[in-house]
Structures are given as C-alpha cells and as structure tokens.
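Enquirer: predicted coordinates and the sequence they were generated for:
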Number of protein chains: 2
Amino acid sequence: MATQVNHNQTADETIHGRGLRMTDQRRAVYDVLMGERDHPTAVEVFTRVRAKVPTISLATVYNCLDTLTGCGLVKTVTHEREPARYCPNLKEHAHFFCEACGAVIDLPLRTRKRAEDVWDFPGEFSISHHEVSFSGTCPKCSAKAAKSNKR
Amino acid sequence: MATQVNHNQTADETIHGRGLRMTDQRRAVYDVLMGERDHPTAVEVFTRVRAKVPTISLATVYNCLDTLTGCGLVKTVTHEREPARYCPNLKEHAHFFCEACGAVIDLPLRTRKRAEDVWDFPGEFSISHHEVSFSGTCPKCSAKAAKSNKR
DNA sequence: AATCTTAATTGGAATAATTCTTGATAAGCA
DNA sequence: TGCTTATCAAGAATTATTCCAATTAAGATT
C-alpha cells in the first residue's frame, strides 16, 4: 500500500489522521530526524533522542520509526547489508553513499522521467515504491584523493 | 573500486585473472546462479548446491558468493531488510519486487540515460555502483487481483 | 476529576542473516 | 614429492531487528 501524505498537514495531524497518538517519544524521534538531516541509523537516532527523553528505549525508537514510516512522514533508506537509515525528505530523490567517509547525500530529481520510459516493464506492473541509490566517492573525498595523488 | 569484467572471458579466466582458484564449490555456486536465473538468497543457493556438492557448507556458499561478486561475475541485490539475493545478469538492469508473490524480476534498460541528466549531483561525484529497485505487484498478481475484484 | 479503554512504552529475550575463527584440506608450483 | 598458500568446514559469535509480557500513559466518557 503506497503511503500518501498531505504536505499541508503537520506531522501531528498526519499521525492523528491515522487514529494514532503523537506521544513525546514519537515527536522526539521525528524532531531528531528533522533537526539534523543526515541519515541516522536507529541506534544513532536512539543516542540523539536520549538527550531529550532520557528514559526512551531502543525498542521504542524502532517502534516510532516504524509508525512514522507507516504514516509516510519518514522514509527508510537501505544500502547493502548496512543497518537501515532514516530520512525525512519526502521529495522524490535518490541517495549517494560515499564509500570513503560514509556520508549519505540526497540527490534531488532534476528531470521528471517516467520509469516506463527508462526501464522495460514486461507486462502490467503496478508500482508502489521505488528506490535509487548510487555509491562511490563524494566531492569532498574525491578532492582529497586528487590532492594526495598529486603529492 | 568498480568491478569490471571482460565479457569475452569465461568465469574461470576471470577468477584466475585475480589470482584465485576455480574450485568445485565456486563453480557449483556459479552454475546454480546461471542455471535458474531467479534471485536466490544464500540459503537457497546452499540447498540447491548441495544436490551437486553435498558436503558444501553454508559458510562456503557465503565465501563463494563473496568472491564471485568481488570478481564482478555476480551482483548482490538488496531489498529492504530482507536477506541478500544474488543475480548473474551483468547487463544494466533494475529489479522489481512483487509484494504479493515475492518474485524478483529483472527490468532491462530501455533508453540509456545518463544519471547526471536525471539526478542533480551537487559537485564532483565519482560513481562506482548504482542500484534501482521498484516494488509493487507483478503482472500475474495484478491480474489475479483484478479477477477477484470483479467477482 | 475519576474511571475506563486502548494504545504505547519498556526491558529483556528471541530471532535471523551474516561474519568470524580455527583447524583441516586441497591446489598449484618448485 | 614436498612446500606454500588458498580454500573449506563446522560451529561460535556478532549484530540488527523483532517479539513478548507487563507497565504506563492518552484520550474519551462519565
């Protein structure tokens, strides 16, 4: 089931719209993701959230992340066998994983392109999600590598 | 480092070219992947390979899959938190994951499109890998759903 | 405000995929 | 044939995540 979100709604409204409650824990997890928009793992979210809600448990962080993604407020980012990462950027974008420094960078969509124009779907598929990811070296690490090569 | 393969080489030659040995186990794992070109997990490869090499261990299957992917003969396919799957299709393609029946389907590239034309790379990135995946319902399951809705 | 109902949180145990370790085996070369 | 090194096997260890059962908290109702 595709998760659709009305972007004019606040997170609270979205949560309530599903018959769920906006608890301190959920808000704290959501705030952490919105605050520093890198792509933290569940454990990283956990350590950050504890600054605000010191009694929160890791299980609750997992629960909160589940409900937030279920409501379409947050997206899960997977890369190889690494722990899942979480991203509050709801605009369509891809991810770049830097193999040198581990950074995860959002790549905004430049041209809207229908998937069917690029990929050959043999039959009547119904698409609910898609994910695009790149890996390699980010600009910073590429520059560093170029400099140390010159020496 | 991008893993490049000379498509005119046999798997044996590619393996040897890396100073590695083509053992019975490695060949059996490779043959399983080439034989039935679905996208088996390591455990599925394990059970299939045991028909030919009954003494093989799961650890060895993991090792073989690692060396084969390291040599660029096989690709790893990841989807959400599910176990890794393996794919011997070296042509550029995306994957479709059917949420109803679990099938994994290769989607060939229709139009070659430079990544930079579609996604906005803010700076000098160097891309070594990329992966595109879709999920939803495959043609078979879509048809089934349509039929049962009519009833 | 007190009570009720149900959702949410906790902490710990359980699970599952994968990796690591160590000793045995086998390849290929001198 | 012996030597060196890669590879394999079996099981233990690791790690991310999920599950479970008991407690706590929200929000609705009286």
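Expert: Nice, thanks for sending it over. It should be emphasised that the depicted structure is a prediction, and the values quoted were computed from it without experimental measurement.

Enquirer: use CA for all of it now, contacts and neighbours both
Expert: OK.

Enquirer: alpha carbons of the longest strand that chain A contains, as CSV, please.
Expert: Taking DSSP state E as the criterion, chain A has its longest strand at strand A:126-137. Output in CSV follows, covering the C-alpha atoms of strand A:126-137 (Å, rounded to 0.1, in the frame of the first residue of the first chain):
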residue,chain,number,x,y,z
SER,A,126,1.7,-1.7,-10.5
ILE,A,127,4.5,0.3,-8.8
SER,A,128,4.1,1.3,-5.2
HIS,A,129,7.7,2.3,-4.3
HIS,A,130,11.0,2.7,-5.9
GLU,A,131,14.5,3.5,-4.7
VAL,A,132,17.6,4.7,-6.5
SER,A,133,21.0,4.6,-4.9
PHE,A,134,24.5,5.4,-6.1
SER,A,135,27.8,4.7,-4.4
GLY,A,136,31.3,5.9,-4.9
THR,A,137,33.2,8.9,-3.6
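
Enquirer: packing partners for that strand?
Expert: Secondary-structure packing of strand A:126-137 (3 or more CA pairs under 8 Å, 6 or more residues apart in numbering or on different chains; DSSP states H and E): strand A:93-98, strand B:126-137.

Enquirer: deepest-packed of the ones you listed, please.
Expert: Between the helices and strands packed on strand A:126-137, strand A:93-98 has the highest mean count of neighbours, a mean of 21, where neighbours are mean count of other CA atoms under 10 Å in any protein chain shown.

Enquirer: next helix or strand past that strand?
Expert: The helix or strand immediately downstream of strand A:93-98 is strand A:104-108, counting by DSSP states H and E.

Enquirer: not counting sequence-adjacent ones, nearest residue to A:C98?
Expert: For A:C98, ignoring the flanking residues on the chain, the nearest one in space by CA to CA, 6 or more residues apart in numbering or on different chains is A:T137 at 4.8 Å.

Enquirer: my bad, A:C87
Expert: A:K75 (5.1 Å).

Enquirer: around chain B, pick out the residues from chain A.
Expert: By the criterion of CA under 8 Å from any CA of the partner chain, the positions of chain A lying close to chain B are A:77-81, A:84, A:93-94, A:107-113, A:117-139, A:142.

Enquirer: if we can go back for a sec, just list whatever residues bridge to the residue nearest to A:C98.
Expert: Following DSSP bridges, A:T137 is listed with bridge partners B:S126.

Enquirer: ok, and what's touching stretch A:106-121?
Expert: Under the criterion CA atoms under 8 Å, 6 or more residues apart in numbering or on different chains, residues A:91-96, B:93-94, B:107-113, B:117-122 lie in contact with stretch A:106-121.

Enquirer: same deal with stretch A:78-89?
Expert: Applying CA under 8 Å, 6+ apart, the contact partners of stretch A:78-89 are A:33-34, A:37-42, A:65, A:73-77, A:133, B:77-81, B:84.

Enquirer: now swap in stretch A:14-34 and tell me
Expert: A:5-6, A:12, A:39-40, A:45, A:48-49, A:52-53, A:56, A:60-61, A:64-65, A:68, A:71, A:86-88.

Enquirer: then stretch A:57-66?
Expert: Taking CA under 8 Å, 6+ apart as the criterion, the residues outside stretch A:57-66 that touch it are A:25-26, A:29, A:42-43, A:45-46, A:74, A:86.

Enquirer: buried ones among those residues?
Expert: Among the contacts of stretch A:57-66, those buried by neighbour count (16 or more other CA atoms under 10 Å in any protein chain shown) are A:25-26, A:29, A:42, A:45-46, A:74, A:86.

Enquirer: quick one: is stretch A:36-47 near DNA strand D?
Expert: Yes - Stretch A:36-47 lies in contact with DNA strand D when judged by CA under 7 Å from any atom of the strand; the contacting residues are A:41-43.

Enquirer: so what touches that stretch?
Expert: Outside of stretch A:36-47, the residues that reach it under the criterion CA under 8 Å, 6+ apart are A:29, A:32-33, A:56-58, A:61-62, A:65, A:83-88, A:104-105.

Enquirer: out of those residues, which are inside helices?
Expert: Under the assignment DSSP state H, these contribute A:29, A:32-33, A:58, A:61-62, A:65 to helices.

Enquirer: of the residues you listed, list those near DNA strand D.
Expert: Restricting these to those within reach of DNA strand D (CA under 7 Å from any atom of the strand) leaves A:Y62.

Enquirer: scan the ones in helices among the contacts of stretch A:36-47 and report the most crowded one.
Expert: A:V29 (26 neighbours; other CA atoms under 10 Å in any protein chain shown).
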